[in-house]
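Peer 1: just coords:
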């Protein structure tokens, strides 16, 4: 079983409703120690937590997860992939989503997401999307 990069859209659902199918899938991945995170996803989640106590707890928990590290060519890959998708008529995808896509591709990780932008990106780039039950 491979590791999985989990996008902020899945984490948000997880913190809001443990009964969502995506939350239950994330819980299973966490139990299997298959979850990977990156700094950008941490930055999208941590500042919005409702209390300092929860912020500290989640921050510590995130620090224990495997990390998809940024790499030297990351910004070049972001620029090249943005160029490619724009030329293919895909506008309106933000730099953060392209960065997460690049990190997943570089580290050969499937991406677990509820964000429709990634399905659009996967149609033009070699991004693997995680399918529940994998």
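Peer 2: It's in. Source: prediction; values computed, not measured.

Peer 1: low-confidence regions, this structure specifically.
Peer 2: Applying pLDDT under 70 to the chain flags residues 1.

Peer 1: quick check: buried residues in whichever helix or strand residue 77 is part of?
Peer 2: For residue 77, the host element (DSSP states H and E) is helix 74-87. Neighbour counts over helix 74-87 (16 or more other C-beta atoms under 10 Å) mark 77-78, 81-82, 85 as buried. In short, each C-beta sits where N, CA and C put it, glycine included.

Peer 1: one more: stretch 13-22?
Peer 2: 13-14, 22.

Peer 1: can you tell me the distance between the two ends of it?
Peer 2: Using C-alpha to C-alpha, to the nearest Å, the end-to-end distance of stretch 13-22 comes to 7 Å.

Peer 1: measure how far that stretch is from the centre of its chain, please.
Peer 2: Remark: stretch 13-22 is offset 16 Å from the chain centroid, using C-alpha atoms, centre = their mean, to the nearest Å.

Peer 1: and stretch 38-46, by the same measure?
Peer 2: With C-alpha atoms, centre = their mean, you get 9 Å for stretch 38-46.

Peer 1: if we can go back for a sec, among the buried residues of stretch 13-22, name the ones in strands.
Peer 2: Within these, no residue falls in strands by DSSP state E.
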